[in-house]
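In: the sequence and its predicted three-dimensional model are supplied below.
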Amino acid sequence: MSKKILIIDDTDADRKIVKRFLNKAGYDNIIIAENGEQGVAMASSEKPDLVITDTMMPGIDGFETCRQIRENHDNDEIKIIVTTGAIDAVDAVKARKVGADDYCVKTSDSTQLIGAVRSLIGEA
């Protein structure tokens with residue numbers, strides 16, 4: 001059975017880009033949430049192997065989304081990657097503090113993100 005990945009991002013274009021990166025890397029069991037609240041609920045109901053969440057979203061941001069998912073699940077049960085369009089070293093530290101397994105800057109190059117995905121859940 002293929003690994004299930006949950007993408008949480010409020011921007012439609014960013015969701016499509018991340019999904020395309022994952023599909024090209026061989027991951028095809030992908031579910032989508034359009035905001036943090038929906039993402040936290042889907043993490044509980046869908047039990048993904050990995051969550052990729054954006055930092056900046058209306059309502060609860062990606063850091064709070066990560067914290068709530070960690071609070072609701074065993075630490076190693078779901079892997080979490082926090083992504084951002086802003087390059088800020090403080091965000092990487094904050095992401096680790098709320099329980100993220102990795103932190104990636106959004107770029108047009110998928111190398112960093114796919115590397116993080118493979119490191120956390122293995123090959124597609």
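Out: Thanks, I have it. Residues are numbered from 1 along each chain as shown.

In: give me the pLDDT for the residue nearest to the spatial centre of the chain.
Out: For the chain, residue 52 is the residue whose C-alpha lies nearest the centre (CA atoms, centre = their mean; 0.8 Å). Model confidence at residue 52, given as pLDDT, is 98.

In: in what helix or strand does it lie?
Out: Here residue 52, judged by DSSP states H and E, is contained in strand 50-54.

In: residue 103 now?
Out: Secondary structure from DSSP H and E places residue 103 in strand 102-105.

In: buried set for that strand?
Out: The neighbour-count check on strand 102-105 (16 or more other CB atoms under 10 Å) flags 102-104 as buried. Placement of C-beta: from N, CA and C, glycine included.

In: save those residues as CSV, and put in pLDDT and distance to residue 114 too.
Out: Output for those, formatted as CSV (pLDDT from 0 to 100; distance: CB to CB, whole Å):
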residue, pLDDT, distance to residue 114
102, 94, 12
103, 92, 15
104, 92, 10
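
In: which residues are contacting the helix or strand bottoming out on mean pLDDT in the chain?
Out: Using mean pLDDT, DSSP states H and E, helix 89-97 stands out as the lowest-scoring helix or strand of the chain, at a mean of 82. Residues from elsewhere that reach helix 89-97, judged by CB atoms under 8 Å, 6 or more residues apart in numbering: 55, 62-63, 66, 82, 84, 103.

In: burial of the nearest residue in space to residue 8 that is not next to it in sequence, as a residue count?
Out: Spatial nearest neighbour of residue 8, chain neighbours left out: residue 39 (3.4 Å); criterion: CB to CB, 6 or more residues apart in numbering. Using other CB atoms under 10 Å, residue 39 has 30 neighbouring residues.

In: residue 39 is in contact with residue 64, isn't it?
Out: No: shown here, residue 39 and residue 64 do not form a contact pair, counting by CB atoms under 8 Å, at 10.4 Å.

In: coming back round to it: for residue 23, see how far away the residue nearest to the centre of the chain is.
Out: Separation of residue 52 from residue 23 (CB to CB, to the nearest Å) stands at 13 Å.
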